[in-house]
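Undergrad: Show me the folded form of this:
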Amino acid sequence: MNNINKIKKPKYELIAIDLDDTLIGPELLISRRNQTAIRHARDLGVKIVIATGRTFTTTLPFIEKLGIHTPAICYQGAEVRTKNNILFYKPLPLKYVKPILKIGIENKVQILSYIDDIVSLSRPLTQAGREYLGKIELVKRINIVDFEKYRFAKAPLKIMFIANRPKTLKMQKETDKIFSGKVYSTLSRSTYLEFLNYDVSKGKALEFVAKMYRIPMRKVMCIGDSYNDVPMFEEAGLSVAVRNAPSAVEKRADFVVASEKRDGVAQAIERFVLS
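TA: Numbering: from 1, shown residues only. Okay, the predicted model is just below:
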């Protein structure tokens, strides 16, 4: 009798992957090994979802590079969309915008607001702000504004402060007390403090996408590196942190793989999906 190789359905049917410092590094490139692992997972029918704090505009090139057509989770989960359709959109309520901006102004930090993928920055533009625009987001549509006088015609999806780590941690503690139960704050990096709608997170957005594909959360795997990924860790059936994650984030994950520089994403997919 001839042996027949049966292809088993993967245990995890959806993989959510953070972008910065997880799938890509400072060079903003997806390694060949990561691309190959993702392609093989897709060939098995696994849904690949990018989950990021980025705008959709600056996420799209990576989606197209990977050849995936699943919705992207952007703005820490405040927006879920494809190239042509917005499936979920939940901005920060306008009534909290001015109080948040006031705190940023008083602390003299770089402030950014995001509306329809257009980024507005406070003047004067700091060195950290320039680096963010030129090396991280590569944002093309920006406004330089005076937030003390600026009038919002539409509620922003998020507001972000850029400052040194001690200051962002201090401001997060202070703002969490002020806006408890009203605004969601998270650190995408230790120097990036972000404010969003209280009903928003990567975890909630991941549940939304999984439900759309009728995939139970126990069959969802997520891979991330920072505090904003922890809500995904709490919801997914398997959570994986890359080695460059802060120790507090690693402790919240089920497994820790190699760092972003050593293709941790590929290692996770090879171990838990392809093997």
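Undergrad: Which stretches in the stretch 101-250 of the chain count as strands?
TA: Listed in chain order, the strands of the stretch 101-250 of the chain (DSSP state E, counting those that start in this stretch) span residues 110-115, 118-122, 142-145, 158-162, 183-189, 192-197, 220-224, 238-242.
Undergrad: so where is this structure shaky, pLDDT-wise?
TA: By pLDDT under 70, the weakly predicted segments of the chain are 1-7, 135-140.
Undergrad: how does it divide into domains?
TA: 14-89+201-274, 94-197 (automatic domain parsing).
Undergrad: Dump those to TSV, plus mean neighbour count and distance to Lys8.
TA: From N, CA and C alone the C-beta is placed, and that goes for glycine too. TSV is the format used below for the domains of the chain (neighbours: other C-beta atoms under 10 Å; distance: least, C-beta to C-beta, whole Å):
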stretch	mean neighbour count	distance to Lys8
domain 14-89+201-274	20	9
domain 94-197	17	36
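Undergrad: How about Asn244: what's its closest non-neighbour residue?
TA: Spatial nearest neighbour of Asn244, chain neighbours left out: Ser259 (4.2 Å); criterion: C-beta to C-beta, 6 or more residues apart in numbering.
Undergrad: thinking again about what came up before, make a markdown table out of the strands of the stretch 101-250 of the chain and add distance to Glu207.
TA: Putting the strands of the stretch 101-250 of the chain into a markdown table (distance: least, C-beta to C-beta, whole Å) gives the following:
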| stretch | distance to Glu207 |
| --- | --- |
| strand 110-115 | 23 |
| strand 118-122 | 28 |
| strand 142-145 | 32 |
| strand 158-162 | 19 |
| strand 183-189 | 15 |
| strand 192-197 | 15 |
| strand 220-224 | 9 |
| strand 238-242 | 14 |
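Undergrad: And the residue nearest to Asn244, how far from Lys202?
TA: 20 Å (C-beta to C-beta, to the nearest Å).
Undergrad: Check Ala78 too.
TA: Distance from Ala78 to Lys202, counting by C-beta to C-beta: 10 Å.
Undergrad: Ala163 now?
TA: Using C-beta to C-beta, one gets 22 Å for the distance from Ala163 to Lys202.
Undergrad: likewise Val273?
TA: Distance, Val273 to Lys202, using C-beta to C-beta: 20 Å.
Undergrad: got it, and Pro93?
TA: 20 Å.
Undergrad: what does Pro71 give?
TA: Distance from Pro71 to Lys202, by C-beta to C-beta: 13 Å.
Undergrad: go on, Asp176?
TA: 18 Å.
Undergrad: With Leu274 instead?
TA: Per C-beta to C-beta, Leu274 is found 24 Å from Lys202.
Undergrad: you'd agree Val242 is up against Phe255?
TA: No. Using C-beta atoms under 8 Å, Val242 is not in contact with Phe255; the gap is 10.3 Å.
Undergrad: nearest spatial neighbour of the residue sitting nearest the centre point of the chain, skipping sequence neighbours?
TA: The residue lying closest to the centre of the chain (C-alpha atoms, centre = their mean) is Thr52, at 2.1 Å. The shortest distance from Thr52 to any non-neighbouring residue, by C-beta to C-beta, 6+ apart, is to Leu19 (4.3 Å).
Undergrad: for Glu174, same thing?
TA: Setting aside the residues directly before and after it, Glu174 is nearest to Ile103 in space (C-beta to C-beta, 6+ apart), at 7.3 Å.
Undergrad: List the contacts of that neighbour.
TA: Met171, Glu174, Thr175, Ile178 (C-beta atoms under 8 Å, 6 or more residues apart in numbering).
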